[in-house]
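In: sequence first, predicted model second:
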Amino acid sequence: NDRDYLESLTEKYWFLTDEIWQTGVMYPLEGYLYPETYIVTEQDPSVETITEMILDHTDSVLTDRKEDIEASGRTVHQFLSLASVVESESLFPEDRPVIAGVFINRLNADMPLQSDITVLYALQEKRVDVTYSDLEFDSPYNTYMYTGLPVGPVCAVSAPAMDDTLNYEKSDYLYFFAKEDGTVIYSKTYEEHEKAVEETVKAVSRDLGKADILVNNAGVTRDGLMLTMKDEDYDLVLDINLKGAFHMIRACYRDFMRKRSGKIINISSIAGLVGNVGQVNYAASKAGLIGLTKSLAKELATRGVTV
């Protein structure tokens, strides 16, 4: 993060612009150091020598795609930010153009990308599971909290990922999730997405055994005064906090009924009881969860299921 040196690089390389200095960018050259094996013959090379060797190669890769990047309507920085998410979210090459298309559809619809990878990058952690508390980490990289692209790339981007982002597969998909074996399920609507999740829960039950306890602890927020709150911010909070619990319960409901046992734990909030300024969506979702829990407890009481 040597500012003077990095500024000298922006003068030397056409693709490095002031965007690398945006507020919140953690590592200005993240995404610009092309992933490749480099042969260094100098006995004691400086960091600057190695950095510019890599940037020279990046220059070649990006120059070959300069016209296509410009045609996409995005700056190089924006393009690499998007392509880095596609790179990180795709386990198999065949999924990359489809996943790129999903993210572009979400951007065009002004929907948050909701990429777990961006949250983990913001936290500077490498793991698979992302908790709901993780999603609340305030960072311009967090695409659950902020609509649009992350403030910068989240990894080095390969040429195939660049090409798949430029030549993305057009579709109506807005959602996807990966199963344990890496298979990706795509959906056009949130309802289709939740149905796919339910089917996955059933498949896990077949493979690993039936669930005994279900804990619903979703708690995302999109705070703001009701007067200026966007419809999508209201809907998103209710979809995740309340509707998500509904779908998970329904996925386990039949099994709990059949074996006449099981526990369902729904984590609400004091906001659902007393309300909170600027949180009409969150308070409504948590109040709804309380009502859902009370009604479900009565519904399942005679079946040996505790709610």
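Out: Happy to help now that I have it.
In: pull the helix or strand encompassing G101 out as CSV, backbone CA atoms only.
Out: Using DSSP states H and E, G101 maps to helix 96-108. The C-alpha trace of helix 96-108 is given here as CSV (Å, rounded to 0.1, in the frame of the first residue of the first chain):
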residue,chain,number,x,y,z
ARG,A,96,-19.2,-19.8,-14.8
PRO,A,97,-21.1,-18.3,-17.8
VAL,A,98,-24.4,-19.2,-16.2
ILE,A,99,-23.5,-17.7,-12.8
ALA,A,100,-22.1,-14.6,-14.5
GLY,A,101,-25.5,-14.3,-16.2
VAL,A,102,-27.3,-14.6,-12.9
PHE,A,103,-25.2,-11.8,-11.4
ILE,A,104,-25.7,-9.6,-14.4
ASN,A,105,-29.5,-10.2,-14.3
ARG,A,106,-29.4,-9.1,-10.6
LEU,A,107,-27.4,-6.0,-11.4
ASN,A,108,-29.8,-5.1,-14.2
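In: elements contacting the next helix or strand along the chain from that helix?
Out: Moving toward the C-terminus from helix 96-108, the next helix or strand (DSSP H and E) is helix 116-123. With contacts taken as 3 or more Cβ pairs under 8 Å, 6 or more residues apart in numbering; DSSP states H and E, helix 116-123 sits against helix 76-89, helix 132-135. Yep, even glycine has a C-beta here, placed from its N, CA and C like the rest.
In: tell me who's in contact with the residue nearest the centre of the chain.
Out: When Cα atoms, centre = their mean is applied to the chain, the residue found nearest the centroid is S115 (1.0 Å). Applying Cβ atoms under 8 Å, 6 or more residues apart in numbering, we find S115 in contact with 85, 88-89, 103, 143, 150.
In: any idea how far it is from L29?
Out: From S115 across to L29, the span is 21 Å (Cβ to Cβ, to the nearest Å).
In: now swap in P150 and tell me
Out: For P150 relative to L29 (Cβ to Cβ), the value is 15 Å.
In: pretty sure E194 contacts K243?
Out: Yes. In this structure E194 lies within contact range of K243 using Cβ atoms under 8 Å: 7.4 Å.
In: where does the closest residue to F176 other than its chain neighbours sit: helix, strand or coil?
Out: In space, and not counting its chain neighbours, F176 is closest to Y186: 4.8 Å by Cβ to Cβ, 6 or more residues apart in numbering. Following DSSP: H, G, I helix; E, B strand; the rest coil, Y186 is assigned to strand.
In: good, we can wrap up now.
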